[in-house]
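> Provided below are the primary sequence and the corresponding predicted coordinates.
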Amino acid sequence: MNIFKRTALAFRAFARGFSGYDVTGGSGRWPTNYMLNAPVTQSLAAARLASRKIAHQAENNALISSIVTNAVTAIVGDGPTVRSAHPDPEVNAHLQRVWNAFFASCDIEGTMSLGGYLSRVARGFVIDGESFTKFIVDPLTMTLSLQLLSADQVDSARTVPSLGMTGDAPNIMAGVEFDAIGPRVAYWVLPSQPDAPWASVLPPVRVSALDVAHVFEPRFPGMPRGVSPLTAVAPLAMELDSAIDAAVMKLRVSCLVAMVVRDPNGDLVYDINSPNDPATLQLEPGATLKLPPGCDVSFPPTSEMNTVAEVLSQIERLICAGSGTGVPFFVASGDLASVNFSAGKLGMAAFLRRVKALQQNHIVAQLLTPIWDRIVLLEVLSGRLRAPDYEANPERYTAQFLFPGWPPIDELKAAKAATLNIAAKVKSRAEVISEGGRDPADVDAEIEADPFSADDLSANATNISNQPDTENV
């Protein structure tokens, strides 16, 4: 036994010396559980519990609520516009009319437009880490409606591994069904939300993946479900609440004014009817106190609060930096006095890049593109749109989605920069218009219908752009 022990100790010493990295745990500084051994399994186990806690923080923590609201508003705005890629103007006009009708009333409940629906999708993405949309087609009118599913409505407890027994056996992981090759083929959905009053206890129903749009960010290979981007800062947000409560209590204690009357000798006897009895002494504004002979007064020390604001601000900055949404600290906190123009512009530039990535990689790719494809397919199958080249040239029936642009901080400088870029052929006019979230064709139509002379307006714009900017001189 001693030989085996000595051999094991020698092997461990050899392994520690061979690795040479503290991150391997050889020094003992790293806790044993401070690692992700199985990212997919651990994320599935923690995702639903994390989403419930973050949902509570989104309704009760001021900073988390601000981050969620600003992220949702930045991602969606008032909803995107669409540009059809078909070369035929009549087909484009027909698809545009269909899209406008769908945009006005898209959900199965008939209560909001597509912009409001996307706000609910983006909110679910931020809080739950994922959002599910079910496509419902009316068989009579051949029109599409959307139904927003709760993240808990997709049965995360349903996991049925194929175990490799048969080549065609499906693999169900957390309510998501995969085929033998790997693509998603179905979702197992509960008939009603688990948190709804008098929720149904019926088993989940298999819904084809063609009828479900799953918006999520797979952080690891093979990850079937999403995790909230606020998961990393949720514990710190809870500590922020505790720190704020402690600071408020500390402020209340510091505001208390008290005094202690002491009798060093302890041999004085006071008459309770005497006006200078210590038990009757009170601190009042403008009052003059007369202490009995031999007594002195001391005041309890009060703690300083000079650094409390700095500590709270540092915690808030860490939460904003690690939230995964890109919302800057000065936007989430509303503290615009702590940022200058250059720093604010740099922070907003990073925020815009993150928002654009979320829009294109998730909202457009995982939701809007499947919605557009289903709308075009229904128009073709119903005979309302004649498309003989639908199968031969599917690229003609794609679309580009333009989200609302961000208002410039200095509109005159932004207009001058756009004019110079177009003149230098660095950017096209269509690109500049698309950055504002509008379709260049709509802008051209509005210009042609404008009663004013376009040449006179162009000349005036040229004169204005040549004027020096004396605002900051």
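Structure received.
> what stretches of the stretch 151-300 of the chain score poorly on pLDDT?
Counting by pLDDT under 70, the stretch 151-300 of the chain contains low-confidence ranges at 163-169, 256-259, 261, 263, 265-294, 300.
> at 80 what do you get?
162-170, 198-201, 252-300 (pLDDT under 80).
> where along it do the helices fall?
234-255 (DSSP state H, counting those that start in this stretch).
> Next, the contact list for residue 202, please.
Residue 202 is in contact with 190, 191, 192, counting by CB atoms under 8 Å, 6 or more residues apart in numbering. In this view, the C-beta of every residue, glycine as well, is placed from N, C-alpha and C.
> Top of those by number of neighbours, please.
Counting neighbours by other CB atoms under 10 Å, residue 190 comes out on top of the contacts of residue 202 with 22 neighbours.
> what sits against the residue most central in space within the chain?
What sits nearest the mean C-alpha location of the chain, by CA atoms, centre = their mean, is residue 126, with 3.6 Å. Neighbour list for residue 126: 67, 68, 71, 72, 228, 229, 230, 325 [criterion: CB under 8 Å, 6+ apart].
> In contact with the closest residue to residue 241 other than its chain neighbours, which residues are there?
Leaving out its chain neighbours, the residue that sits closest to residue 241 by CB to CB, 6 or more residues apart in numbering is residue 61, at 6.1 Å. Going by CB under 8 Å, 6+ apart, residue 61 touches 237, 240, 241.
> could you list every residue that touches residue 114?
If you count contacts by CB under 8 Å, 6+ apart, residue 114 has them with 79, 102, 103, 106.
> Count residues in the vicinity of the third one, would you?
What that stands for is residue 103. Residues near residue 103, counting by other CB under 10 Å, number 16.
> what's the answer for the first one, then?
By the criterion of other CB under 10 Å, residue 79 has 18 neighbours.
> before we move on, the earlier item: so can I have CSV of the contacts of residue 202 showing distance to residue 410?
Compiled in CSV, the contacts of residue 202 are given as follows (distance: CB to CB, whole Å):
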residue, distance to residue 410
190, 52
191, 54
192, 52
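> For the protein, which segments count as strands?
For the chain, applying DSSP state E gives strands covering 81-84, 130-138, 143-149, 171-173, 176-178, 184-189, 205-208, 212-216, 260-262, 296-298, 399-402.
> Which among those strands is found nearest to residue 367?
For residue 367, the closest of the strands of the chain is strand 212-216, at 4.7 Å, according to CB to CB.
> Remind me what the closest one packs against, helices and strands.
Secondary-structure packing of strand 212-216 (3 or more CB pairs under 8 Å, 6 or more residues apart in numbering; DSSP states H and E): helix 114-127, strand 130-138, strand 184-189.
> most tightly surrounded among the ones you listed?
With neighbours defined as mean count of other CB atoms under 10 Å, these peak in mean count at helix 114-127, which reaches a mean of 22.
> Give the rounded mean pLDDT of it.
Averaged over helix 114-127, pLDDT sits at 95.
> now do stretch 395-415
Here the average pLDDT along stretch 395-415 is 84.
> what's that stretch in contact with?
Residues outside stretch 395-415 that contact it (CB under 8 Å, 6+ apart) are 76-87, 95, 341, 345, 348, 352, 359, 364, 368-369, 372-373, 376, 387, 389-390, 434-439, 465, 469, 471.
> Of all the residues in that stretch, which ones are buried?
For stretch 395-415, burial by neighbour count (16 or more other CB atoms under 10 Å) applies to 396, 397, 399, 401, 402, 403, 404.
> distance of the fourth one from residue 65?
If you measure residue 401 against residue 65 using CB to CB, to the nearest Å, the figure is 28 Å.
> burial measure for residue 141, as a count.
Neighbours of residue 141 under the rule other CB under 10 Å: 10.
> do the same with residue 340
With other CB under 10 Å as criterion, residue 340 counts 8.
> do residue 381 as well
12.
> got a list of what residue 435 touches?
Contacts of residue 435 (CB under 8 Å, 6+ apart): residue 405.
> and it, how far is that from residue 352?
Residue 435 sits 11 Å away from residue 352, going by CB to CB.
> same question, residue 183
For residue 183 relative to residue 352 (CB to CB), the value is 33 Å.
> Compare these two and say which one has the larger neighbour count.
Ranked by neighbour count (other CB under 10 Å), residue 183 and residue 352 place residue 352 first, with 13 against 8.
> Not counting sequence-adjacent ones, nearest residue to residue 75?
In space, not counting the residues next to it along the chain, residue 75 is nearest to residue 122; the distance is 4.6 Å by CB to CB, 6+ apart.
> In contact with the closest residue to residue 200 other than its chain neighbours, which residues?
Nearest residue to residue 200, sequence neighbours excluded (CB to CB, 6+ apart): residue 192, at 4.3 Å. Counting by CB under 8 Å, 6+ apart, residue 192 makes contact with 153, 199, 200, 202.
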